[in-house]
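# What follows is a predicted protein model with its sequence.
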Amino acid sequence: MNDTGKVLSTMLDKDNFSKWMGIVVDEYREGYCKLHYTITEEMLNGFGIVHGGIVFSGADSAFAFACNSHGVLSLALDVHISFIRAAKAGDRMIVEAEEIHTGNKTSFYNVTTKNDAGEIVAMFKGTAYRTGKPVYES
């Protein structure tokens, strides 16, 4: 019924921010997304560490890809992030979004951002509202 590859390509085609971040999707299936990106100088704050908005955005992208993977247009309803450790230019962030539950109108996800050493950089929890509309027209 759902072609997850078409969902992902539909979303990525129009997602200029994820393109700017250099996001690469490594694994994708219903309710799941694993991606990575590398911290660049433009992503640093005044202290020379990654701006929290970048880490949030990487997690938000994985969340968006995962919650829309069922082919139902889903939008963030509520999200929270906890920053665990800093990252710097050149660090590769690996982000994994996993579905906890999907109902008729809402879905819930845990998203973990780690560095190449496997250390947790941030934990993100997201609730999505499922609109009932398709992500793309068949």
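Okay, I see it.

# Off-centre distance for stretch 72-89?
Centroid displacement of stretch 72-89 relative to its chain, using Cα atoms, centre = their mean, to the nearest Å, is 7 Å.

# what about the strands in the protein?
For the chain, the strands defined by DSSP state E occupy 24-29, 32-38, 72-83, 92-102, 106-115, 120-134.

# Dump the ones you listed to CSV, plus distance to residue 45.
Using the backbone N, CA and C atoms, a C-beta is placed for each residue, glycine as well. As requested, the strands of the chain are arranged in CSV below (distance: least, Cβ to Cβ, whole Å):
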stretch, distance to residue 45
strand 24-29, 23
strand 32-38, 17
strand 72-83, 12
strand 92-102, 15
strand 106-115, 16
strand 120-134, 14
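
# Can you add mean pLDDT, mean neighbour count and distance to residue 17 and give these back as JSON lines?
Listed next are the strands of the chain as JSON lines, based on pLDDT from 0 to 100; neighbours: other Cβ atoms under 10 Å; distance: least, Cβ to Cβ, whole Å:
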{"stretch": "strand 24-29", "mean pLDDT": "97", "mean neighbour count": "13", "distance to residue 17": "14"}
{"stretch": "strand 32-38", "mean pLDDT": "98", "mean neighbour count": "21", "distance to residue 17": "11"}
{"stretch": "strand 72-83", "mean pLDDT": "97", "mean neighbour count": "15", "distance to residue 17": "14"}
{"stretch": "strand 92-102", "mean pLDDT": "98", "mean neighbour count": "19", "distance to residue 17": "14"}
{"stretch": "strand 106-115", "mean pLDDT": "98", "mean neighbour count": "20", "distance to residue 17": "16"}
{"stretch": "strand 120-134", "mean pLDDT": "97", "mean neighbour count": "17", "distance to residue 17": "16"}
